[in-house]
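**Q** The sequence isn't on hand, but the structure is:
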């Protein structure tokens, strides 16, 4: 332990702690901007400067170690003045159109400027700008970029994709797509982690809400919305609503208030995914030599893009089952249309996802099999849902509660946990146990795969079969796992990979909170929903069983193959 | 009013002077990877600030060039702008009245030519392709040794770890602690404040304070075999890393002992045997099979080796020498420096007691020959060079050291012939006076002066004008050679057309420094491993202490000191004194930790494995 004094308070912290962490431990506020704990501690923005007695210059506290005996001051005129001028310098290169910025009210620079009492700017504002194609799922506005480098660090260290790079030197240094490439050629997975870690409005997901509002206003259209598991954990974070009050029923009521004709649940199609993917796993296990091993999940489009970009040789290992989003779309425009007696061409299928890559996935030509335009017309992020709620001026607190519509609104607890890392694996194992042994396991028999570790491995015995499983979240962890498989250091049968750390709960489409990683906390909401659910096995979902009885016959049937499976190799990037 | 007055520097002039001095230091540091267009423009604007403003081309032209470059950097430039930039710069060169103008424009022209690709990238993409190199010393060390890392370890007294960390990239810490040319120091960011950290001195301190540090364990055997031909610095470096990666390595050395030019080129007073042997013993302790007195082409045929081993590294060095090609060169007592220093390596000194010695050449080898002759008892040693002292390629320290030991420099004299006596022994070197002429290749080319030949009477002539490579047998066996008289290897070390054969060090690059030889050995080891389809990693797992603070006060550099000349000329013992603990501590604290501060904490920091 080292002992230091900060603003007169005695603080004792373990060796290697930064001054910033020590100050925060002591309950002192130090502003940060470029800082991302463990990911971007580079002292670039200089907002976190403090005075250390005996040093003649201000010290960036985010990456300076707390040393025994030092005396630190965080609130002197020299510091206040330096911080204010630093914010003013940053603002001189930032296009401050705050009133029409997606991050207004949730912008770290905006709050810093307010905190530092910046009332006018001594410098001329000269933001730089670069061309960008606004149809991409990921949109970058260079004129707002403050070069904090967080996107570079997240893409490098958390996702191992190195899409962003620093180009140029000197005053023209700026973040850009690596090697002067267009984003589409740079191997971006559209995971959106750079977006959720951008402190300002320089990076955002494409906004599709206006097009959805247009569809809602069209009397000839039937608007169907599906809500992904992880969305229910975070949809109300932008509102003054405690987690306990942000119930699923309230979310459904809000979606109905927005004007959707049918509010359905992606948990339903997650159960359907388990039926197909679980059956596929057993088919592969029983015809072991005909397949490549291990089998990987395929429900995360960020991971699918990663595999296509980085490891095309692995595509045969990925399950051919579509993601729950796409299974839902395919079923909605065939089975549901038939059942409801409507022309599938009139259905507008909207999804609300914790994800940015879903915008890419639903636009892949090769994934549309229902024959009525896109199976999923618009994929919205959780953030877009919150914005729609605001546009409609709906007050979630007073919106009441409502039930999902039938027949695509029934989902099991197994479907719900898809939104947490390890959830797909756990749900699949629950049903695989039933398919192999004919008996249901204890629903919590496979809860060992839960937890926030980036790379987990567990071995289970199901009947006579031993299943070696691995679960990874965050693409850098996926890279390490695949490398270990390649080197023969590990051997698995079934691997779940989610592009975003902590899984969809921490997805790139989820609400943004400076300095907080809420994936774990949101995942707990899903595990609670699972625990409280009456239905905990995908194969017991009566609505799913009915789809098979009335339309698809059985898992892996020809019709199931046509609608619910896809050739990932054929997908265009 | 006085008719004349004595000029005294005013305060603002003193500040201007210090501004120029700061600029000079900053320019010396020359960070790598900055935008060349922006640098050119910055230079131009500095030139503009020096203009008197009388003439049009300088006053208006230079600022127009700067505006055009600004436009290009902002991504708003066109092909036409580049054409105008060229034409205008040429016009300024042609029309400016004084050097302030035309020399500035000439530099811009050079940059336009040299950075053509950069200018065009700016035009096409509106962006710059440069990327800043974070840690200058590591960038400029050919072996990319983690310099801030080992300095931090020395600072904490973890000397053995410092040596281990150095060996991760360079298995010759003792040798380099004494004789590395330290290109790292030239670009040390500390130069901006005062002077570079004494990096080489700290390496020597680490080695001396650590004592014997054993080599790490080798990776499990891969079953692959590699022959290394030549036991000099590059061959042994490759052998060391290949052995650590688990390959079975055999080194063949032609001479009696290992070390190559480190033993047979560098005098003991610069590199004592115990330092050299320490590094070599640690390298060989990794289980390398090592043969001396085996000459490939005589004792074993190269083709046999090529067949027997999975890969071969040719590291035969440059152990032949160039001759003057003047009459009398075949006389008795005319020898090459390579021969003299080679004999010294085998402890077979030439007796020069009472002799008058003339050494021809101006490089480090010439200085080594001079100072060896002094120690061998020569009555006088003169160093004859056809250019000026400042044109000598020898390190300034070597030249001043030689002069202190009584060596006389005879500059601007070109050898014409060697006069002999009746017995055929050397009597004198006849030289022709020179004057420096126009610049060629960055140095003024000497030309004959309008003055008579002179006779330098002497007993021994030592020729130190360059080394050559003996590759006859290898060329016969089909190894590619270049028009520069070297073996032909690409930047990976691979010899095109000879599968599994790599070459590096002096025999491929031409005579160069020890650290360049180490770089070549390390490169070859990595690429031979890749050639085997393996990805063996060199990582000694040494944690580096976190930077304690960014202390910036200017502080004098502790230079190395030498033993007094009058004392050291009588022996071959090490000239250079060690650094004291106090000096080492202070030098360590001068390190700015560029691995942590500035770009280092972002993208630089450290590469812990290769």
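**A** Arrived safely. Being a predicted model, the structure only gives us computed values, none of them experimental.
**Q** C-alpha only now, for contacts and for neighbours.
**A** Noted.
**Q** so residue A:468, which of the three states?
**A** strand (DSSP: H, G, I helix; E, B strand; the rest coil).
**Q** Then the one 3 residues further on?
**A** Following three-state DSSP, we place residue A:471 in the strand state.
**Q** which residues touch it?
**A** Residue A:471 makes contact with A:421, A:422, A:425, A:449, A:454, A:455, A:456, A:457, A:495, A:496, A:497, according to C-alpha atoms under 8 Å, 6 or more residues apart in numbering or on different chains.
**Q** so what's the backbone phi/psi at residue A:456?
**A** phi -120, psi 140 (degrees, to the nearest 10).
**Q** Give the buried residues for stretch A:394-411.
**A** Of all the residues in stretch A:394-411, those buried under the rule 16 or more other C-alpha atoms under 10 Å in any protein chain shown are A:394, A:396, A:397, A:399, A:402, A:403, A:404, A:407, A:408, A:409, A:410, A:411.
**Q** quick check, nearest of the residues you listed to residue A:287?
**A** Closest to residue A:287 out of those is residue A:411 (30.5 Å), distances taken as C-alpha to C-alpha.
**Q** Can you give me the distance of that closest one to residue A:563?
**A** 20 Å (C-alpha to C-alpha, to the nearest Å).
**Q** contacting residues around stretch B:66-78?
**A** Contacts of stretch B:66-78 (C-alpha under 8 Å, 6+ apart): B:37-38, B:41, B:44-45, B:81-82, B:85, B:119, B:122-123, B:125-128.
**Q** Counting neighbours, which of these end up buried?
**A** Neighbour counting with 16+ other C-alpha under 10 Å marks B:37-38, B:41, B:44-45, B:81-82, B:85, B:119, B:122-123, B:126-128 as buried within these.
**Q** Would you mind giving those as JSON lines with distance to residue A:257 added?
**A** Below are these laid out as JSON lines (distance: C-alpha to C-alpha, whole Å):
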{"residue": "B:37", "distance to residue A:257": "58"}
{"residue": "B:38", "distance to residue A:257": "57"}
{"residue": "B:41", "distance to residue A:257": "61"}
{"residue": "B:44", "distance to residue A:257": "66"}
{"residue": "B:45", "distance to residue A:257": "64"}
{"residue": "B:81", "distance to residue A:257": "59"}
{"residue": "B:82", "distance to residue A:257": "61"}
{"residue": "B:85", "distance to residue A:257": "64"}
{"residue": "B:119", "distance to residue A:257": "58"}
{"residue": "B:122", "distance to residue A:257": "52"}
{"residue": "B:123", "distance to residue A:257": "53"}
{"residue": "B:126", "distance to residue A:257": "48"}
{"residue": "B:127", "distance to residue A:257": "48"}
{"residue": "B:128", "distance to residue A:257": "51"}
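**Q** quick one: contacts for the residue of the stretch 1-150 of chain A found nearest chain B?
**A** At 5.1 Å from chain B, residue A:42 is the closest residue in the stretch 1-150 of chain A, using C-alpha to the nearest C-alpha. Counting by C-alpha under 8 Å, 6+ apart, residue A:42 touches A:34, A:35, A:62, A:63, B:601, B:602.
**Q** Repeat the analysis, applying 10 Å as the threshold.
**A** By C-alpha atoms under 10 Å, 6 or more residues apart in numbering or on different chains, residue A:42 lies in contact with A:34-36, A:60, A:62-64, A:148-150, A:153, B:596-603.
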